[in-house]
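>>> give me coordinates for this.
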Amino acid sequence: MRKERGQAIVILAFALIALAAFAGLAIDGGRLYTARRQSQNTADAVAMAGTRMLGQFIANCTDVTPLAADNAITLEMVKLARANGVDPQAENAKLEGWYVDKNETPLGRVGWGLGVPNGATGIRARLTTTDTTTFLKIVGQRYIVAPGEATAMTGPIRQFGGGIIPIGVPLQVIQALEPGETFYVMEKNNRWGGGVFCRDPNGVECIGDDPENANAHRGWLNLNYIYNTEHRTANDPLNRSFEQNVPNRPCGSNPAQSVDDGLQGWAGEDKNNDGQADCPYPFPIIAGTPNAVDGDFIHGDPGARESSLMDVKETYGGTIAYVPIFDYIYMSDYMAANFQAPENPVPDGSLSGSHWPRAGGGGHAFLYHIVGFAAVLLDENSPKHTLAGQFQGAVVGEGAITPGSGFNSGGGGGGSCQLGLVGIQLWR
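The predicted structure follows:
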């Protein structure tokens, strides 16, 4: 009997170990799954953040040294990792980054003090986090190791050709369109002389007839006042909050400064009769993420300008052009209360104070949150007060891109000082 009781104790001991192992597998396995998902999500965010900044340096019109660019990219990647709950400088986390070319070939390490290498067009990020197990220690498994790896690329957005027209189109309208479907980009014959679309708090498409409605789509975009949370200081080359209003005039004398240009020039004035706008907007327009607060907020200039509409039709009629897509419209009073104030530069680069845009009569203004671009085959025969076209396609968020030639330390970061649709895409 004693021998049998001893066997029972041994069997029970093995059963308890097996039970603990199964419990550990369930509990620690769940923790491992969660940790891997966090590592992968963080790696995605870090790769996108670094590549977004790399893309801005490539598109920038001012000189930037490879080392300064690398330092800024490194800080941005660390900041995004921490924002996702992972501290790369902690003992239980390791973050690595590599610059890659358009073929995904590694060119050098991020943050090693060697600068951004020429030809860099993307960033590969690898994040590994570790944690101790709870129950699996019983079977010799002491650590949970959760790796995550992602590659993001920057380059020209895959497009159909054509210029950009400073008229915003609601995201929910674009999402409902099929390729080849005709829609109205702008229609002046409503009550308030603005856009044909609006968005109520429930996301319903409707005709906007209330000028006090912050979601009403009312007209042109004022490219002389663009607010961006990451580019709000006066000395930032991508700070574009130059002035509050834009006149309905043609091109100015200096094509590198938007403050010299008016709405007609941006919209498509073509004195050279070459089918191209004479003074395209000289800065990048940065699309953000839907339902977020990244990317550009562009001041809306209410009302359709007939002469500018005619310039658009004469220049782009029968061809494909792009219009910015917005998801929400924010009132300047709301942004003043909830966003960090901009430092408004003036054309000579000096600081002119911090202020938000106001409407022409001194009241609140509207800022369109840009989240993408839509390609439209414009109808040159649309009615006099209307701009219509056939929807071709859209890029929303970071955009579908073709990897470009990359960073060029000898060319001001590789920028050409000409507006191009440059996007960032999670590649792998």
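>>> all helices in the stretch 51-200 of the chain, in order from the N-terminus.
66-83, 171-175 (DSSP state H, counting those that start in this stretch).
>>> wait, residue 38 touches residue 85, no?
Yes. Judged on Cβ atoms under 8 Å, residue 38 makes contact with residue 85 at a distance of 6.7 Å. All C-beta atoms are positioned from the backbone trio N, CA, C, and that covers glycine.
>>> can you pull out the low-pLDDT segments for the stretch 51-200 of the chain?
Counting by pLDDT under 70, the stretch 51-200 of the chain shows low-confidence ranges at 60-63, 133-141, 156-163, 187-200.
>>> stretch 264-278: end-to-end distance?
Distances were taken as Cα to Cα, to the nearest Å; on that basis the terminal residues of stretch 264-278 are 10 Å apart.
>>> and the residue nearest to residue 262 when sequence neighbours are not counted, what's its pLDDT?
With Cβ to Cβ, 6 or more residues apart in numbering as the criterion, residue 262 has its nearest non-adjacent residue at 3.1 Å, and that residue is residue 249. pLDDT, the model's per-residue confidence, is 82 for residue 249.
>>> just to revisit the earlier point, can you list the helices of the stretch 51-200 of the chain in CSV and add distance to residue 279?
As requested, the helices of the stretch 51-200 of the chain are exported to CSV (distance: least, Cβ to Cβ, whole Å):
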stretch, distance to residue 279
helix 66-83, 29
helix 171-175, 27
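>>> show me which of residue 38 and residue 85 is the more surrounded one.
Comparing residue 38 with residue 85 by neighbour count (other Cβ atoms under 10 Å), the higher total belongs to residue 38, at 17 against 10.
>>> list the buried residues of stretch 340-360.
Buried residues in stretch 340-360, counted by 16 or more other Cβ atoms under 10 Å: 342, 343, 344, 345, 356, 357, 359.
>>> what would the residues you listed look like in a markdown table with distance to residue 383, secondary structure and pLDDT?
A markdown table is the format used below for the buried residues of stretch 340-360 (distance: Cβ to Cβ, whole Å; DSSP: H, G, I helix; E, B strand; the rest coil; pLDDT from 0 to 100):
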| residue | distance to residue 383 | secondary structure | pLDDT |
| --- | --- | --- | --- |
| 342 | 38 | coil | 92 |
| 343 | 43 | coil | 90 |
| 344 | 39 | coil | 88 |
| 345 | 40 | strand | 85 |
| 356 | 36 | coil | 88 |
| 357 | 31 | coil | 86 |
| 359 | 28 | coil | 70 |
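>>> which of those residues lies closest to residue 64?
residue 345 (17.8 Å; Cβ to Cβ).
>>> what is the burial count for the residue nearest to that closest one when sequence neighbours are not counted?
In this structure, residue 345 finds its nearest non-sequential neighbour in residue 234, 4.4 Å apart by Cβ to Cβ, 6+ apart. Residue 234 has 17 neighbours, counted by other Cβ under 10 Å.
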